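Visitor: What shape does this take:
(chains A and B)
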Amino acid sequence: SQKIEQNSEALNIQEGKTATLTCNYTNYSPAYLQWYRQDPGRGPVFLLLIRENEKEKRKERLKVTFDTTLKQSLFHITASQPADSATYLCALTTSGTYKYIFGTGTRLKVLA
Amino acid sequence: DAMVIQNPRYQVTQFGKPVTLSCSQTLNHNVMYWYQQKSSQAPKLLFHYYDKDFNNEADTPDNFQSRRPNTSFCFLDIRSPGLGDAAMYLCATSKGGGTGNQDTQYFGPGTRLTVL
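Guide: Numbering: from 1, shown residues only, chains lettered A, B, ... in the order given. Prediction:
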């Protein structure tokens, strides 16, 4: 069956360090992968999108990689700040559809 | 500012008492989605509309219904809420088109449903 896996355990890192979050998927051939940020009690907010033919995307302190051979995406936050503390969700979709399947998210806590 | 609005933010209902959650958007997007999210779980797609075309997920219980009277509004009706339906309900929109950026989803703040 199709599965999207993100680290269920919270990730704690020191302020200023780079946070790396992982999204693995099985039995799925996504055309697009997105990362969202979700704060407690709020809806997810879009951060970055990467296409299957792209290896890497950057936006300010954020970087996403997409390895369709490993079936994995990595999400990096450089120079992390306490304000980056949130849950980060990855979401996949295939070409020709606008339905996304979400992972459970990884909770990130940046310690001052 | 263009946005997705959900009302109410918090809804308390009794077991078996019908409840309606509402969503409106000022983005003029073609697609509107309803998700259910329980604590520490992934948002689960219940159904979506592309314009007036309704698309139900195979595992969405019949207890959940939806209406989209116009482009701007979409409603989620829970006909007979059970204790297991207590969750955050998220409405989202996207332009539609299956071409990456057009499918970025814009979420509302959610409605937290409590079933007593």
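Visitor: Contact partners for A:Gln34?
Guide: Neighbouring residues of A:Gln34 by CB atoms under 8 Å, 6 or more residues apart in numbering or on different chains: A:46-50, A:90-93, A:100, B:104-105. (Glycine included, C-beta is placed from N, CA and C.)
Visitor: what about chain B, any weak spots by pLDDT?
Guide: Within chain B, the ranges that satisfy pLDDT under 70 run B:1-2, B:98-102.
Visitor: Okay, strands next: where are they in chain B?
Guide: B:4-7, B:10-13, B:19-25, B:31-37, B:44-50, B:53-56, B:64-67, B:73-78, B:87-94, B:106-107, B:111-115 (DSSP state E).
Visitor: no, scratch that, I was asking about chain A
Guide: A:3-6, A:11-14, A:19-26, A:32-38, A:45-51, A:56-59, A:62-67, A:72-77, A:86-93, A:101-102, A:106-111.
Visitor: re earlier: for chain A, find the nearest of the strands of chain B.
Guide: strand B:106-107 (3.2 Å; CB to the nearest CB).
Visitor: Show residues contacting that closest one.
Guide: A:43-46, B:3-4, B:25, B:27, B:29, B:90-94.
Visitor: how does it look with 7 Å?
Guide: A:43-44, B:4, B:27, B:90, B:92-93 (CB atoms under 7 Å, 6 or more residues apart in numbering or on different chains).
Visitor: Skip the chain neighbours and tell me the closest residue to the residue in chain A that chain B sits nearest to.
Guide: Taking CB to the nearest CB as the measure, chain A has A:Gly43 as its residue closest to chain B, at 3.2 Å. Excluding its sequence neighbours, the residue lying closest to A:Gly43 (CB to CB, 6 or more residues apart in numbering or on different chains) is B:Phe107, at 3.2 Å.
Visitor: Against B:Ser24, how distant is the one you found?
Guide: Shown here: B:Phe107 relative to B:Ser24, a distance of 13 Å by CB to CB, to the nearest Å.
Visitor: Repeat that for A:Gly96.
Guide: 28 Å.
Visitor: and residue 105, how many neighbours?
Guide: Here I'm looking at chain A. For A:Gly105, the count of nearby residues is 26 (other CB atoms under 10 Å in any protein chain shown).
Visitor: my bad, chain B
Guide: Applying other CB under 10 Å, we find 26 residues neighbouring B:Gln105.
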